[in-house]
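here is a sequence with its predicted model. Questions after.
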Amino acid sequence: MAIFRTISVVVSLALLSLVIAAGSPDYLLYVGSFTNPPSASKGIYVFRFESASAKLTPLGLAAETTNPSFLAEHPNHRFLYAVHNNRGLPDNSVSAFSIDRNTGKLTFLNKVDAAGEGPAHVTLDRTNHWLAVSNYGSGTVAILPVRPDGTLGSVVSSDQHKESGADNPRQARAHMGIFSPDNRFLIVADVGIDRVYIYRFDASKGAITAADTPFVDVTSSAGARHLAFDPKGATLYVNTERGSTVEAFRYSASTGALSKIAALSTLPADFSGRSSGAEIGMTRNGRFVYASNRGHDSITIFAVNPDHSLKFMETVSTQGKTPRNFALDPSGAFLIAGNEGSNSLVVFRVDEETGKLRQTGPIVPDTPGPACLIFVPAQ
């Protein structure tokens, strides 16, 4: 009888594993890149990610296109948008694609002018009717309409960032925009002049206007690069490029104003080499923040304190060079980092209780210059 009970337990566990595996969704992972020489990239690549096994399988080139350096997905999972950051070339534009969720292939829909030079980032508002583009080269931000068929219309609203004066003569460089949780404000990081701009956003027209407090400064010469709201929308975290810090700001939902809480280095105290901050992300439960370091070639893990400041926990190597971007999968169970300098991807499992990252397998090589990663549910 004991033998039969043992067999029964083994069979039950096996069946349970099959059920869990069957309920774990697959995703398409799209990877944007720079295609300028010496890069071997030809555009946007796609992988299939099996969340049950953490297996990442290359599916090839999804769309051949020039310098699709940052991507955004429409929440209906039917459309994908890419900026073309051509670093001085005349094609400063944004493209729309339709997604085949079976094969991962992208079909070009249309392309519109970005109303600025060197577009670096693109994101949709909460209604999914408007696209915000941050133009690094010209220091401008622009709003484009998203049509029902997924195509893009021409710019309806824009603003030019201003240099901050003789004491900081850097050129304006808009690097990322993020809409507030209630969609009433657009927050834009300018890495050139150490500012985070705050705009009122009218979703009925796609119009942006300066908020009552139009900007807040980050630490001088730090360079505000990327942004992340906590799940409750009470705090905005700013990753700085030159400063290699994360700065926490208390956010006012009524006025959009930001007030600094604290700043913390993303680098270990004993590190003396050159490094720059790149991407920032937060767990769904709001307990942990991640930031990537290009030079130290790692991801830093922070715990969120009760006052929304951060506690440095540890850094984890990305097993490659220049982790420009990373993405948390929709379940929050995995983080995939892209090593732009060594043409590779690495998959980590996220510990929900500790925030720690554990590499799940060998690095995925031969991924040309990964600059942006986004997940789309597969069919």
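Sure thing, it's come through. Numbers count the residues shown, from 1 in each chain.

so where is the stretch 151-300 of the chain shaky, pLDDT-wise?
Scanning the stretch 151-300 of the chain for pLDDT under 70 picks out 164-169.

show me what counts as buried in the host helix or strand of Leu373.
Leu373 belongs to strand 370-377 when assigned by DSSP states H and E. For strand 370-377, a neighbour-count test (16 or more other CB atoms under 10 Å) marks Pro370, Ala371, Cys372, Leu373, Ile374, Phe375, Val376 as buried. For glycine as for every other residue, the C-beta is placed from the backbone atoms N, C-alpha and C.

which strands or helices does that strand pack on?
strand 26-33, strand 68-73, strand 323-328, strand 334-339, strand 344-350 (3 or more CB pairs under 8 Å, 6 or more residues apart in numbering; DSSP states H and E).

before we move on, back to that, can you redo the buried residues of strand 370-377 as a markdown table with pLDDT?
Converted to a markdown table, the buried residues of strand 370-377 look like this (pLDDT from 0 to 100):
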| residue | pLDDT |
| --- | --- |
| Pro370 | 97 |
| Ala371 | 97 |
| Cys372 | 98 |
| Leu373 | 98 |
| Ile374 | 98 |
| Phe375 | 98 |
| Val376 | 98 |
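
Arg173: which of these is nearest?
Proximity of these to Arg173 (CB to CB) peaks at Ala371, which lies at 16.4 Å.

the closest one contacts Gly32, doesn't it?
Yes: taking contacts as CB atoms under 8 Å, Ala371 lies within contact range of Gly32: 5.3 Å.

got a list of what Val196 touches?
Residues near Val196 by CB atoms under 8 Å, 6 or more residues apart in numbering: 187-190, 215-218, 224, 227, 236, 238, 249, 258.

now it: how far from Pro68?
26 Å (CB to CB, to the nearest Å).

can you check Ala371 too?
According to CB to CB, Ala371 and Pro68 sit 8 Å apart.

what residues are up against Phe201?
Applying CB under 8 Å, 6+ apart, the residues contacting Phe201 are Asp125, Phe179, Ser180, Asn183, Arg184, Phe185, Leu186, Ala207, Ile208.

burial measure for the closest residue to the fourth one other than its chain neighbours, as a count.
Okay, so that is Asn183. Leaving aside its chain neighbours, Asn183 sits nearest to Arg126 (3.8 Å; criterion: CB to CB, 6 or more residues apart in numbering). Neighbour count for Arg126, taken as other CB atoms under 10 Å: 15.

so what's the backbone phi/psi at Arg126?
phi -70, psi -20 (degrees, to the nearest 10).

same deal with Ile299?
phi -120, psi 130.

quick check: beta-bridge partners of it?
Beta bridges link Ile299 to Ser292, Val316, judged by DSSP bridges.

distance check, it against Asn85.
Ile299 is 23 Å from Asn85, by CB to CB.

comparing the two, which shows the higher neighbour count?
Just comparing Ile299 and Asn85: by other CB under 10 Å the higher neighbour count belongs to Asn85, 28 against 25.

and that one, its phi and psi?
Dihedral angles (degrees, to the nearest 10) for Asn85: phi -90, psi 90.

and it, how far is that from Ala174?
12 Å.

common neighbours of the two, please.
In contact with both Asn85 and Ala174: Ala120, Tyr136, using CB under 8 Å, 6+ apart.

what does the strand holding Leu373 contact?
25-34, 49, 68-73, 77, 80, 99, 101, 324-327, 329-330, 336, 338-340, 343-345.

so Pro214 makes contact with Asp190?
No: counting by CB under 8 Å, Pro214 stays clear of Asp190, with 11.8 Å between them.

intersection of neighbour lists for those two?
Tyr197.

shouldn't Asp329 be in contact with Ser51?
Yes: with contact defined as CB under 8 Å, Asp329 counts as touching Ser51 (6.5 Å).

identify the contacts common to the two.
Taking CB under 8 Å, 6+ apart as the contact rule, Asp329 and Ser51 both touch Tyr27.

strands of the stretch 101-250 of the chain, start to end?
106-113, 119-124, 130-135, 140-145, 157-160, 174-179, 185-190, 195-202, 207-217, 224-229, 235-240, 245-251 (DSSP state E, counting those that start in this stretch).

what strands line up against the last one, and which way round?
This means strand 245-251. Partners of strand 245-251 in its sheet, by DSSP bridges: strand 235-240 (antiparallel), strand 258-265 (antiparallel).

for the fourth one, same thing?
In the sheet containing strand 140-145, the strands it pairs with under DSSP bridges are strand 130-135 (antiparallel), strand 157-160 (antiparallel).

OK, contacts around the nearest residue to Pro365 once chain neighbours are set aside?
Nearest residue to Pro365 in three dimensions, chain neighbours excluded: Ser344, at 5.2 Å (CB to CB, 6+ apart). Counting by CB under 8 Å, 6+ apart, Ser344 touches Gln319, Gly320, Gly338, Ile363, Val364, Pro365, Asp366, Thr367, Pro370.

let's go with 6 Å and repeat that
With contact set as CB atoms under 6 Å, 6 or more residues apart in numbering, Ser344 has these partners: Gly320, Ile363, Pro365, Thr367.

for these, which one is nearest Ala62?
Taking CB to CB as the measure, Ala62 sits nearest to Thr367 out of the contacts of Ser344, at 12.7 Å.
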